[in-house]
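Asker: Here's my sequence, what's the structure:
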Amino acid sequence: MPRSLVTGGAGFLGSHICDYLLKKGHEVICMDNLSTGAIANIEHLQNEQFKFVKHDVTEYIYVAGSIDYVLHFASPASPMDYLQMPIQTLKVGALGTHKALGLAKEKNATFLLASTSEVYGDPKEHPQREDYWGNVNPVGPRGVYDEAKRFAEALTMAYHRFHDVDTKIVRIFNTYGPRMRPNDGRAIPAFVPQALHNASLTVFGDGSQTRSFCYVDDLVEGIYRMLMSNEHEPVNIGNPHEMTIKEMAETVIQATGSASKIIYKPLPVDDPQIRQPDITRAKQLLGWQPQVGLEEGLKRTIAWFRALSGKN
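Answerer: As a prediction, this is how the structure comes out:
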């Protein structure tokens, strides 16, 4: 039975990864300090093959016994979180990645880094391919997340080249689905609760900025395929279907049958104007592409938020 450690395993993405690995027959150790994760995301995993460890991965990581896979998902991931926790975000990207890589080296384990499309910054290339180096403001408010992930990628490749650690890097584009925190600052978990309560949907700027939304089940499948691959260079995992934020707000209003209106607020500093993954490498190397359409993905996500809020 493979044994896997998932840092940030009580978070939105990390908890879905834990689910998937258990279904694939892994023993799973979920490690999280619960700064943005929640026990509620993993409390359904009453499984003898699952263990939760509360720990801050910027500190030394000790795990007894063998480990086959280390999946490093620990990090604040929404703008609201990393703007409120800038130093913690930098620390988990730098120190946390260092500690997790050190464990992978010690255990001779495969290491997977959950990186992000934010390494491309506000891109001058569209769609974004993995060989694009990005357009990032290192001293802007978003730089704490962007540069933490860029450093984490550099450190991961250094461990691969210098220590011969089997490493993988996935660049995750906008993802949505059950277990997102309401109002965490990202579009869908902001819009859906607002729509369910017939409140105004808040769009920043004029809403013309674009994003590409991938349903979480598709993302997790792509990540697992990357984990099992022989690829070491970064691979984009996301849905290339691009739409404006205003279009997403209108889609959520329609899908929920809401009477909500859209209101506009100033655009945050350095907010990317375009975002669309080129997934050619994922298709060629992993045989992966998203399967869940936006209509179906939103249906599942809205149902989860309805249950969470008690809205029938």
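Asker: hey, let's count contacts and neighbours off CA atoms from now on
Answerer: Fine.
Asker: The top helix by length along the chain: how far from the chain's middle?
Answerer: For the chain, the helix that runs over the most residues, judged by DSSP state H, is helix 143-163. Relative to the chain's own centre, helix 143-163 is displaced by 16 Å; criterion: Cα atoms, centre = their mean, to the nearest Å.
Asker: helix or strand right after that helix?
Answerer: strand 167-172 (DSSP states H and E).
Asker: what's in contact with that following strand?
Answerer: With Cα atoms under 8 Å, 6 or more residues apart in numbering as the test, strand 167-172 has contacts from 110-117, 153, 156-157, 159-160, 219, 223, 226-227, 231-238.
Asker: At which residues are the strands of the stretch 51-200 of the chain located?
Answerer: Using DSSP state E, counting those that start in this stretch, the strands of the stretch 51-200 of the chain run over 69-72, 110-116, 167-172, 175-176.
Asker: how about CSV for the ones you listed, with mean neighbour count added?
Answerer: Output for the strands of the stretch 51-200 of the chain, formatted as CSV (neighbours: other Cα atoms under 10 Å):
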stretch, mean neighbour count
strand 69-72, 26
strand 110-116, 24
strand 167-172, 24
strand 175-176, 22
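Asker: L5: neighbouring residues, count only.
Answerer: 27 (other Cα atoms under 10 Å).
Asker: what about it, which helix or strand?
Answerer: Going by DSSP H and E, L5 is in strand 3-7.
Asker: strand partners of that strand, parallel vs antiparallel please.
Answerer: strand 27-32 (parallel), strand 69-72 (parallel) (DSSP bridges).
Asker: Now tabulate these in JSON lines and tack on distance to H16.
Answerer: Formatted as JSON lines, these follow (distance: least, Cα to Cα, whole Å):
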{"stretch": "strand 27-32", "distance to H16": "11"}
{"stretch": "strand 69-72", "distance to H16": "12"}
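Asker: sorry, back to before: only the C-alpha atoms, please, for the strand holding L5, written as CSV.
Answerer: C-alpha atoms of strand 3-7 as CSV (Å, rounded to 0.1, in the frame of the first residue of the first chain):
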residue,chain,number,x,y,z
ARG,A,3,1.9,5.9,1.8
SER,A,4,1.3,9.5,1.0
LEU,A,5,1.7,12.8,3.0
VAL,A,6,-0.5,15.7,1.9
THR,A,7,0.5,19.1,3.4
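Asker: Strand 110-116 and that one, what's the angle between them?
Answerer: 30 degrees (axes from the mean of the first three to the mean of the last three Cα atoms, to 10 degrees).
Asker: for strand 3-7, the distance to its chain's centre please.
Answerer: Going by Cα atoms, centre = their mean, where strand 3-7 is centred and where its chain is centred differ by 16 Å.
Asker: same thing with stretch 72-84?
Answerer: 9 Å.
Asker: what about that stretch, how long is it end to end?
Answerer: Using Cα to Cα, to the nearest Å, one end of stretch 72-84 lies 21 Å from the other.
Asker: For H126, the count of nearby residues, please.
Answerer: So H126, with other Cα under 10 Å, has 12 neighbours.
Asker: For it, which non-adjacent residue is closest in space?
Answerer: Q276 (6.9 Å; Cα to Cα, 6 or more residues apart in numbering).
Asker: do the same with V203
Answerer: Spatial nearest neighbour of V203, excluding adjacent residues (Cα to Cα, 6+ apart): Y264 at 4.9 Å.
Asker: which residues does H98 contact?
Answerer: L155.
Asker: wouldn't V216 be in contact with T175 here?
Answerer: Yes: V216 lies in contact with T175 (Cα atoms under 8 Å); the separation is 5.8 Å.
Asker: returning to what we had before: next, format the strands paired with strand 3-7 as TSV and append mean pLDDT and distance to S212.
Answerer: Converted to TSV, those look like this (pLDDT from 0 to 100; distance: least, Cα to Cα, whole Å):
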stretch	mean pLDDT	distance to S212
strand 27-32	98	28
strand 69-72	99	23
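Asker: Next, find the distance separating I274 from P234.
Answerer: Plainly put, I274 is 20 Å away from P234 if you go by Cα to Cα.
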